[in-house]
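K.L.:
Need a 3D model of the sequence below.
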Amino acid sequence: MKNSFSLIVDANLKNEAFIRNSLASFILPLNPTVAELNDIKTAVSEAITNCIVHGYNGGQGKIYIDCSEEDSFVEIIIKDHGVGIDNIKKAREPFFTTKASEERSGMGFTLMETFMDSLDVLNAENGGVIVKMTKQIHG
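P.N.:
Presented below is the predicted three-dimensional model:
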């Protein structure tokens, strides 16, 4: 049976831990390993931080999170209505950052891709970015 939830939060770094912990609580009934849970939390943290730092340039906005699970597969969709990404292919390259002066490592998408089974990144039609991640929980 499919189960899901959605959150809409302010694009504020103070909300990053709340989002990670909400997703972790939702996934716990699947009995994930500590490694699986940490992988998801890390990937989500990177996606949320990207929305805040890059999507809204630290300004105001909303972050939309949709999470669902079915048959041990977790799907997480995180989107914003920020500035979007000029070149998604380039942005997904390790160490690429548009905020080098802020000591950003450019590893966000690389970490998401490493810790999740799949990662799709696309610009939303009305502005912003959609990040879709999936992971199978083996527990």
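K.L.:
who does the helix or strand of the chain with the lowest mean pLDDT touch, helix- and strand-wise?
P.N.:
Within the chain, no helix or strand scores below helix 88-91, which has a mean of 82 by mean pLDDT, DSSP states H and E. Here helix 88-91 touches strand 118-123, going by 3 or more C-beta pairs under 8 Å, 6 or more residues apart in numbering; DSSP states H and E. Just so you know, the C-beta spots here come from the backbone N, C-alpha and C atoms, and that holds for glycine as well.
K.L.:
Parallel or antiparallel, which strands does the strand it packs on pair with?
P.N.:
Here strand 118-123 has these sheet partners by DSSP bridges: strand 129-136 (antiparallel).
K.L.:
ok, which stretches of the protein are helices?
P.N.:
16-27, 34-50, 88-91, 108-115 (DSSP state H).
K.L.:
Of those, give the one that comes closest to Phe73.
P.N.:
Proximity to Phe73, assessed across the helices of the chain by C-beta to C-beta, is greatest for helix 16-27 (11.0 Å).
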